[in-house]
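# With the input below, show me the fold.
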Amino acid sequence: MPPPSAASAFRDAPVPAAPTPVDNERVVSCVERLDLRFFVDDEGHVGIPWRYVTVRVLFPGAGVLQLRGTWFRIADTEHLGDLRRLVEEWNATRIGPKAYLTVSDGGVVRLHGEIAYPLEAGMTDAQLEDFVLTGCRLIVALVREAEVLFPDPLRGGLEP
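Residues are numbered from 1 along each chain as shown. Sure thing, here's the model as predicted:
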């Protein structure tokens, strides 16, 4: 029997799943398949808790899926310079997640990590799983770096 031709091998190859729109229902199914702990908040956002950070899955605008994590610890403005150096170094030497700080009117400083994905074409289940798992891992890596640089509680604690 002659070997199969390239054309027949191509014809017999499995057809990849087509990208489809992403919504909260697909995100919940995704985190369930990944066997991740999660919750759905009052606003309908999916949250994925890790030891030092909770990653929220957001749809901030049409055609964008975003993972945004906020470090559980908070700091005062006296730590702003050190945290700013962490953010600048992180953003200059890594491709993600985007690290940034917010400062409230009361002087509370928070560290955030964020990754976005354009959704115009949708995503396959495999793409969504890869994005969620990889994005969470990258955000957790940012927060672990902060934990290494700031081993003592800035304010608040990690234990429940």
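# hey, let's count contacts and neighbours off CA atoms from now on
Fine.
# and the longest helix for the chain?
helix 125-149 (DSSP state H).
# Could you give me the buried positions within it?
Residues of helix 125-149 classed as buried: 125, 128-129, 131-132, 135-136, 138-140, 142-144, 146 (neighbour count, 16 or more other Cα atoms under 10 Å).
# got the residue ranges for the strands in this protein?
39-40, 46-49, 53-58, 64-71, 75-76, 98-103, 108-118 (DSSP state E).
# Can I get the ones you listed in CSV including mean pLDDT?
CSV is the format used below for the strands of the chain (pLDDT from 0 to 100):
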stretch, mean pLDDT
strand 39-40, 96
strand 46-49, 96
strand 53-58, 96
strand 64-71, 95
strand 75-76, 80
strand 98-103, 95
strand 108-118, 93
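# any chance of those strands in JSON lines, with mean neighbour count and distance to Ala92 too?
Shown next, in JSON lines, are those (neighbours: other Cα atoms under 10 Å; distance: least, Cα to Cα, whole Å):
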{"stretch": "strand 39-40", "mean neighbour count": "14", "distance to Ala92": "33"}
{"stretch": "strand 46-49", "mean neighbour count": "20", "distance to Ala92": "27"}
{"stretch": "strand 53-58", "mean neighbour count": "23", "distance to Ala92": "22"}
{"stretch": "strand 64-71", "mean neighbour count": "23", "distance to Ala92": "19"}
{"stretch": "strand 75-76", "mean neighbour count": "16", "distance to Ala92": "23"}
{"stretch": "strand 98-103", "mean neighbour count": "17", "distance to Ala92": "10"}
{"stretch": "strand 108-118", "mean neighbour count": "20", "distance to Ala92": "14"}
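# Measure how buried Ser29 is and give me the count.
Counted with other Cα atoms under 10 Å, residues neighbouring Ser29 total 13.
# Quick check: pLDDT value at it.
Looking at Ser29, its pLDDT is 95.
# With distance to Val22 as extra columns, can I get the strands of the chain in CSV?
Formatted as CSV, the strands of the chain follow (distance: least, Cα to Cα, whole Å):
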stretch, distance to Val22
strand 39-40, 16
strand 46-49, 13
strand 53-58, 11
strand 64-71, 8
strand 75-76, 35
strand 98-103, 22
strand 108-118, 11
